[in-house]
Structure formats: structure tokens, C-alpha cells
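S.K.: need coordinates for the following:
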Amino acid sequence: MTAEKKITKTEQEAIEMPIFSMDGEKVGSTTLPASIFGAPWRADLIHQVTTAMQANLRQNRAHTKDRSEVSGGGKRPWKQKGTGQARHSSTRSPIWRHGGITFGPRVDRDYSEKINKKMRLGALVSALSKKAKDGEIILVDTFTFAEPKTAVAKGVLGALAKGADAASLVAKKKNAALLALSSYNANTIRSFQNFGNVDTEELRNLNPLAILSHKYLVIENPEAAFKALEKRVAAK
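M.R.: Below is the predicted model of the structure:
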């Protein structure tokens with residue numbers, strides 16, 4: 001009984017979506033797999049995974065020298081007794097000007113955090129499901145560029161924005177869309193690289209941080225993409 005109820009619920013949540021060509025014309029439709037696009041929104045998991053991913057991207061460049069690394073101070077600034085002043089062993093002491101820094105930032109600090117595979121995949125599915133439910137996924141049959149052409153890419157974005165009724169795809173000045181390519185395509189990547197509001201990524205490298213950092217997720221070759229995502233999710 002429980003299994004039957006779950007199946008019925010999944011079938012009710014199935015989302016039918018159109019597939020567009022580069023010209024913005026509808027060339028077909030498909031149903032988003034519930035195993036990838038039917039997961040509940042997990043804000044706690046998303047937060048934990050995305051903040052860990054940002055920490056792993058952090059580059060530690062701030063560095064201060066301690067008293068063993070600063071120059072000078074090879075001998076006492078004055079003799080131990082008889083001067084009436086406080087005794088000091090070295091001008092490299094942190095209390096002296098140009099002395100070492102106590103508890104300052106060091107380049108050997110590691111900000112990276114471990115992300116379990118199950119957590120990473122769970123956050124990915126949750127992010128994809130959120131995009132699907134919000135209507136922020138656009139499916140394209142294929143991106144084909146004979147040569148890198150920014151002008152052609154601009155026309156493609158305009159056509160998709162009109163066909164999918166997604167004005168923000170061209171109007172949004174930052175993080176408008178993430179193009180998930182089925183495989184590496186140099187001409188496609190170079191055609192879109194001059195856009196400040198569009199990024200490209202291979203589908204196999206798709207992650208929740210990149211998905212949620214952009215308004216729209218444009219998926220190329222949805223049939224192959226869904227199979228690859230289902231295989232990836234099943235591996236957890």
C-alpha cells in the first residue's frame with residue numbers, strides 16, 4: 001500500500017516541459033524524471049553543502065610574520081640592568097614596532113571542509129527539483145556553432161528568452177543563466193564566454209552552488225542529460 005501511494009504521488013508531481021531549438025522554436029516535449037526533479041526542498045542540506053563548497057574555493061593569501069620571521073633584533077636593545085628601563089631581549093618582540101605579529105593570519109590555515117558524496121548528490125537533486133518547480137529550467141535540443149560567434153550566441157539567447165517566456169535570460173545583468181552542456185564543446189563555450197550574465201558548464205560537473213547562483217538552468221540534449229544525471233544519482 002505504501003509503495004503504491006508513493007508511486008501515485010510521484011506520477012502526480014511529474015512535470016511536462018517543452019524542448020526548444022536554438023531558434024527558440026518548440027521541437028518537442030519531455031517529462032522530467034521524478035528521481036531527479038521530484039525531491040523536496042532541503043534548505044538545511046543546501047546550506048551545509050554550498051557553504052562547504054565555498055570554503056573549499058577559498059584561497060588563503062593573508063599571511064603575517066611571527067617573531068621568528070621578522071628581521072633585526074639579533075641582540076638586546078640595551079643591557080639587562082642599570083638603565084632604569086624595562087628589560088627587553090629583542091626588538092622582534094610583538095610589543096615592539098616592526099616586531100612579530102601574535103596570532104595573525106597564516107597561509108598554512110586550511111579552510112576546506114569535507115562533503116560526503118551522499119550529501120553532495122542529495123543537495124544537487126534538491127536544487128534541480130527547486131529549479132523545476134519554480135519554472136526556471138529551459139531545455140534545448142542542441143547547441144551547434146560552426147565557429148565561435150558572440151553575435152550568434154546573443155541571437156540564441158534572445159530567441160530562447162522569447163520562446164520560453166523568460167525575459168530575465170537577456171534582461172538580467174548578472175547570473176542570468178547557467179548552460180549545462182552535454183559534453184565539452186569549444187565553439188559553444190567560446191561563443192558565450194563574453195557574456196557577463198551567462199556561464200557554461202559540462203553536465204558532469206553540475207553542482208548545487210552553480211545551479212542556485214543563476215536564475216535559469218539551460219540543459220542541452222535533455223534525453224542524454226537525464227540519463228547521465230539518473231546514473232550519477234543512482235551511484236549514491
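S.K.: okay, and A228 sits in which element?
M.R.: Using DSSP states H and E, A228 sits in helix 222-234.
S.K.: show me what that helix is packed against.
M.R.: If you count contacts as 3 or more CB pairs under 8 Å, 6 or more residues apart in numbering; DSSP states H and E, helix 222-234 packs onto strand 26-32, helix 34-37, helix 117-133. Placement of C-beta: from N, CA and C, glycine included.
S.K.: so which bits of the helix or strand that comes right after the second one are buried?
M.R.: Beyond helix 34-37 on the C-terminal side, the first helix or strand identified by DSSP H and E is helix 43-57. Taking 16 or more other CB atoms under 10 Å as the basis for neighbour counts, the residues of helix 43-57 that come out buried are L45, I46, V49, T50, A52, M53.
S.K.: check stretch 225-235 too.
M.R.: So stretch 225-235, judged by 16+ other CB under 10 Å, has buried residues A225, F226, A228, L229, R232, V233.
S.K.: for R67, what are its contacts?
M.R.: G73, S90, R92, S93, P94, G99, G100 (CB atoms under 8 Å, 6 or more residues apart in numbering).
S.K.: report the two of the residues you listed separated the most.
M.R.: Farthest-apart pair in the contacts of R67 is G73 and P94; separation 11.4 Å (CB to CB).
S.K.: the more surrounded of these two?
M.R.: Legend: neighbour count by other CB atoms under 10 Å for G73 and P94, higher for G73 (18 against 13).
S.K.: roughly how far does the more buried one sit from R87?
M.R.: G73 sits 14 Å away from R87, taking CB to CB, to the nearest Å as the criterion.
S.K.: next one: stretch 95-103 to chain centre, how far?
M.R.: 39 Å (CA atoms, centre = their mean, to the nearest Å).
S.K.: which residue ranges form the helices in the protein?
M.R.: 2-12, 34-37, 43-57, 117-133, 150-163, 168-171, 186-192, 208-212, 222-234 (DSSP state H).
S.K.: reformat these as a markdown table; add distance to D66 and mean pLDDT.
M.R.: Shown next, in a markdown table, are these (distance: least, CB to CB, whole Å; pLDDT from 0 to 100):
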| stretch | distance to D66 | mean pLDDT |
| --- | --- | --- |
| helix 2-12 | 59 | 40 |
| helix 34-37 | 51 | 93 |
| helix 43-57 | 25 | 96 |
| helix 117-133 | 37 | 96 |
| helix 150-163 | 51 | 95 |
| helix 168-171 | 51 | 92 |
| helix 186-192 | 45 | 96 |
| helix 208-212 | 35 | 96 |
| helix 222-234 | 46 | 92 |
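S.K.: need those in TSV with distance to L179, can you?
M.R.: As requested, the helices of the chain are exported to TSV (distance: least, CB to CB, whole Å):
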stretch	distance to L179
helix 2-12	28
helix 34-37	18
helix 43-57	20
helix 117-133	14
helix 150-163	10
helix 168-171	11
helix 186-192	6
helix 208-212	11
helix 222-234	12
